[in-house]
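Novice: Fold the following, please.
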Amino acid sequence: MSLAGLPRFLAWPDSRKRAATLHLIRIGFAATAVFFVVIVSLAISQILASQRAFETTTAAQREHSNLARHMINAARERSFLLFSILHEENDPFRRDEQVQRLYELATRFSQARQSLLALDLVEAEKVLLAQQGQLVGEAREFQQQVIDLAQQGRREEAEQVMLTAFLPVQDRFVEKLSALIDFQSDEVLAAAKRAKTEERQALYILVGGGFVFLALSFFISRFVFGRTRQMVESLADVSDSLQTSNRELEFQKRTLDRHAIVSMADVNGRIIYVNDMFCQVSQYSRDELLGQDHRLLNSGHHPKAFFASMWRTISSGQVWQDEVCNRKKNGELYWVATTILPFLDSSGKPERYVSVRTEITAIKQAEAMLRENKAQLEQMVAERTRELEESRNIMQSITGAAQDAIVMIDEGAHTTYWNEAAERLFGYSRDEVLGQNLHTLIAPEPYREAHQQAFGYFIRAGQDERAGKTTELIARHANGSELPVEISLSAVRSGERWHGIGIMRDISEHKRMEELLRVQATTDPLTGIHNRRKLNEMMVQEQARCTRYRVPFTLILFDIDHFKHINDTYGHPVGDAVLQELAGLVGANIRPGDLFARWGGEEFVVLASNCSLSGVRLFAEKLRHLIDTRAFSTVGHMTCSFGVAEFQPGESPEAFLSRVDEGLYRAKQQGRNRVEYA
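Specialist: From the prediction side, this is the model:
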């Protein structure tokens, strides 16, 4: 309404004025409502667009972070495997298997890296990945050097390369990946800040529109604040998740670097995680262990105070280490060297416990056996000592005729007594030795200083943990050669001084017989190759390895065709010579890692480890051809029939051997001088 029309409006009746006023109010309210709806629509649209952009950024960065963490985990596991390869001395097959696993980890690492490169990366991420890629190449070269040196038996050089070259390079490319994760976290926080800025602008628009239409702005404000609170909570959750992931990643590094048998428990001791090695050793499945506490494995060997002390230590946030005796599911006891590390929350209180263990059952059994043997030897020494104490004159007469070397030294390690047996044992006459330093005469150079320190304390104090016990050590003969001796030590006090007495015996023959018995137990006396006992031992190991790691192995069973005819025609001595010649021929043409044994009579077996049936076909045919074309002494031409089979996981030894024997039987039935596969 214009000012020119105002007098006319004032002249209108009241009813018409009210109608016009309501009309104007409706128009104004409608215009205001439309204006506010437009403002609200724009604000909501901006909030939703900001939220979608933030969620897209968060999802992308989370995917980047997950791939980077996979690469870090693969790198850490590779370090652990390389450390295990370096210290694997007794089982070359296990070392080869670990090398294979190392290459598989490299493949997983490369796949994760390629997946990360395929994503939409910013320039800074590409630069970090390019730098990390260069370091990966260097680490791969040093890793291969460590493996080559370890396989050549050059362990110290391999350790030097690993410590000075491989680990520093790996730490640098892990730092690059950590920097990538930090960059991605910064990207998420930057996206959050942008979202907050856009939301703040939307709120300003809503507040301005609220003055136009207060009632509607109230409901819109509730909606806006509600959505804003959700986004802030989401940002807090993402930030907490990233911090927790970084802490767990560092903790997993410490745990995996220290051991292989791992479990995790909550603050109440309930098991929340176990690795495969834990299940294998304890014989419990993962479902049987999760939710239980470690009392499930309690052997009853340790008193309650032992575990109470453990809980006091770890509850205070300190690391606990000791040896623990546990019980397997089948009732057998086993020992583990245990380290428990509390995982602390932000307030410094434990929120979970990680246990890292090493099985030491064999060591404990050996210690028990040594203690038993030591007790027996100590008893012998004690009895001999009591006899010597009865009379010095009797001792003189006995020691003079004794077959064991008896030596006495004073506080300065000067020899004061040297019997005839000592002259025979060490090659020095009594006159050459008396008054001389015993360690200089009979202690080899590498052990001399340690002997002098230990014996010096023993003589001065008249007591030592070796007193009254029997110990084996290396001594030096007058001609410079070294020999193993068994020595029993005791001390006698003469006036104000202590004298040490040592009774020594040459155990060279004993050591030689031990080695001879070990060889005879696993060697066929006729052919000089392994016997059936050794083959059975290796089959048990290979079956366990195949069942656990799916590493194949194959048996080749063969025997001489018409061997009875050879014995009947030429006699058993010729037959024995044929067996020896055949063993030499086959032994010279098998792989270094294969085991060749005499199964019995004219039957022989080749155990081809890490070899499938398809890979052994040419090898078996090669052996058959070598024998077929050989002109054996006296008997001339001779052939063999072969039965070959690959072990199947889960198969019993009897069933496996039966299949191999069936293959040999078919070869005999189908004309001999052939290879049949079962």
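Novice: tell me the secondary structure for residue 417?
Specialist: Classification of residue 417 by DSSP: H, G, I helix; E, B strand; the rest coil places it in strand.
Novice: Residue 582 versus the nearest residue to residue 622 once chain neighbours are set aside, what's the distance?
Specialist: In space, not counting the residues next to it along the chain, residue 622 is nearest to residue 589; the distance is 7.1 Å by CB to CB, 6 or more residues apart in numbering. Every residue, glycine included, has its C-beta placed from N, CA and C. In this view, residue 589 and residue 582 are 11 Å apart by CB to CB, to the nearest Å.
Novice: So between those two, which is more surrounded?
Specialist: Neighbours per residue (other CB atoms under 10 Å) separate residue 589 from residue 582, with residue 582 holding more: 23 against 14.
Novice: ok now do residue 125, which residues does it touch?
Specialist: 64, 180, 183, 184 (CB atoms under 8 Å, 6 or more residues apart in numbering).
Novice: With pLDDT, neighbour count and distance to residue 443 added, can I get these in TSV?
Specialist: Shown next, in TSV, are these (pLDDT from 0 to 100; neighbours: other CB atoms under 10 Å; distance: CB to CB, whole Å):
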residue	pLDDT	neighbour count	distance to residue 443
64	70	22	65
180	77	25	59
183	80	18	63
184	72	23	64
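Novice: For these, name the two members farthest from one another.
Specialist: The largest distance within those, taken as CB to CB, falls between 64 and 183 and amounts to 8.9 Å.
Novice: ok, back up a step: the contacts of residue 125 in helices, which ones?
Specialist: In helices, judged by DSSP state H, the following of the contacts of residue 125 are found: 64, 180, 183, 184.
Novice: What is the nearest of those residues to residue 502?
Specialist: residue 180 (66.2 Å).
Novice: from what I can see that closest one touches residue 131, true?
Specialist: No: Residue 180 is beyond contact range of residue 131, at 9.9 Å (criterion: CB atoms under 8 Å).
Novice: Next, the distance between the ends of stretch 353-370.
Specialist: Stretch 353-370 has an end-to-end distance of 35 Å (CA to CA, to the nearest Å).
Novice: Quick one: low-confidence residue ranges for the stretch 301-450 of the chain.
Specialist: Counting by pLDDT under 70, the stretch 301-450 of the chain has low-confidence residues at 388, 391-401, 450.
Novice: Next, please give the residue ranges for the strands of it.
Specialist: Secondary structure of the stretch 301-450 of the chain (DSSP state E, counting those that start in this stretch): strands at 320-327, 333-344, 350-359, 405-409, 415-418.
Novice: Shouldn't residue 617 be within a helix?
Specialist: Yes: membership of residue 617 in a helix is supported by three-state DSSP.
Novice: What are the phi and psi values at residue 329?
Specialist: Backbone torsions for residue 329, taken as degrees, to the nearest 10, come to phi -60, psi -30.
Novice: do residue 478 as well
Specialist: Phi and psi for residue 478, reported as degrees, to the nearest 10, are phi -60, psi -30.
Novice: any idea how far it is from residue 593?
Specialist: Applying CB to CB, the value for residue 478 to residue 593 is 45 Å.
Novice: again, but for residue 501
Specialist: From residue 501 over to residue 593 the distance is 51 Å, taken as CB to CB.
Novice: Next: residue 514.
Specialist: According to CB to CB, residue 514 stands 27 Å off from residue 593.
Novice: Including distance to residue 39, could the contacts of residue 125 go into a markdown table?
Specialist: Shown next, in a markdown table, are the contacts of residue 125 (distance: CB to CB, whole Å):
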| residue | distance to residue 39 |
| --- | --- |
| 64 | 37 |
| 180 | 42 |
| 183 | 38 |
| 184 | 36 |
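Novice: quick one: which of those residues is nearest residue 105?
Specialist: The closest of the contacts of residue 125 to residue 105 turns out to be residue 180 (CB to CB; 19.5 Å).
Novice: Identify the residues contacting that closest one.
Specialist: With contact set as CB under 8 Å, 6+ apart, residue 180 has these partners: 64, 68, 125, 128, 129, 132.
Novice: how about 7 Å then?
Specialist: 68, 125, 128 (CB atoms under 7 Å, 6 or more residues apart in numbering).
Novice: from what I can see the last one touches residue 175, true?
Specialist: Going back to what we said before, that points to residue 128. No: in this structure, residue 128 is not within contact of residue 175 by CB atoms under 7 Å, at 9.9 Å.
Novice: Tell me which of these two has more neighbours.
Specialist: Each of residue 128 and residue 175 has its neighbours counted (other CB under 10 Å); residue 128 has more, 22 against 14.
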